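Peer 1: Everything below, folded, please.
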Amino acid sequence: MACDVPTSLTATGITSTEATLGCAVVSGATNYQFSYKITGGTWVTVGSTTNSKLITGLTPASDYQYRVKAICPSGSSAFSASSSFTTQGSACGVPANPTTTNITTSSATLIGQQYLELQLIKYSTDKKY
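Peer 2: Below you'll find the model as predicted:
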């Protein structure tokens with residue numbers, strides 16, 4: 001008799017490029033196969049000897065589907081119903097037409113269109129000539 005179909009699918013530890021996929025332990029399972037895909041893409045299948053698997057190399061701010069199959073000595077289960085998760089991150093691009101105004105030796109005003117995120121770094125101006 002083949003394994004039962006995995007249930008209680010989880011996606012945890014989701015970042016912009018990683019997620020840990022999991023399911024409830026299936027009695028008698030020696031391995032699991034996790035399949036995932038970006039929405040509209042093709043399935044990628046990876047194996048695991050446990051009921052969870054860290055998936056890396058994901059695309060930020062993207063929707064994914066995943067499913068799991070249990071492998072037993074007596075045969076494999078069918079894939080579970082698929083579940084979904086979304087990676088973190090911003091899908092916005094580089095601001096269009098950024099400009100600077102009010103430029104002085106110690107400051108400047110940077111103006112950009114939506115989603116502009118700045119990290120200002122102060123450099124020392126203490127130089128001897």
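Peer 1: pretty sure Phe79 is touching Tyr32, no?
Peer 2: No: between Phe79 and Tyr32 there is no contact under Cβ atoms under 8 Å: 10.8 Å. Where you see a C-beta, it was placed from the backbone N, CA and C, and this is true even at glycine.
Peer 1: the more surrounded of these two?
Peer 2: Using other Cβ atoms under 10 Å as the criterion, Phe79 and Tyr32 rank with Tyr32 on top: 26 against 18.
Peer 1: Pull out the buried positions in the helix or strand harbouring the more buried one.
Peer 2: Using DSSP states H and E, Tyr32 sits within strand 31-38. Neighbour counts over strand 31-38 (16 or more other Cβ atoms under 10 Å) mark 32-37 as buried.
Peer 1: Which members of those are the farthest-apart pair?
Peer 2: In the buried residues of strand 31-38, two members sit farther apart than any others by Cβ to Cβ. They are Tyr32 and Lys37, at 16.9 Å.
Peer 1: how many other residues sit next to Gly28?
Peer 2: Gly28 has 14 neighbouring residues, counting by other Cβ under 10 Å.
Peer 1: need the contact list for it.
Peer 2: By Cβ atoms under 8 Å, 6 or more residues apart in numbering, the contact set of Gly28 is 3, 72-74.
Peer 1: now it: how far from Ser82?
Peer 2: 23 Å (Cβ to Cβ, to the nearest Å).
Peer 1: picking that back up, between Phe79 and Tyr32, which contacts overlap?
Peer 2: 68-69.
Peer 1: I'm done for today, thanks for sticking with me.
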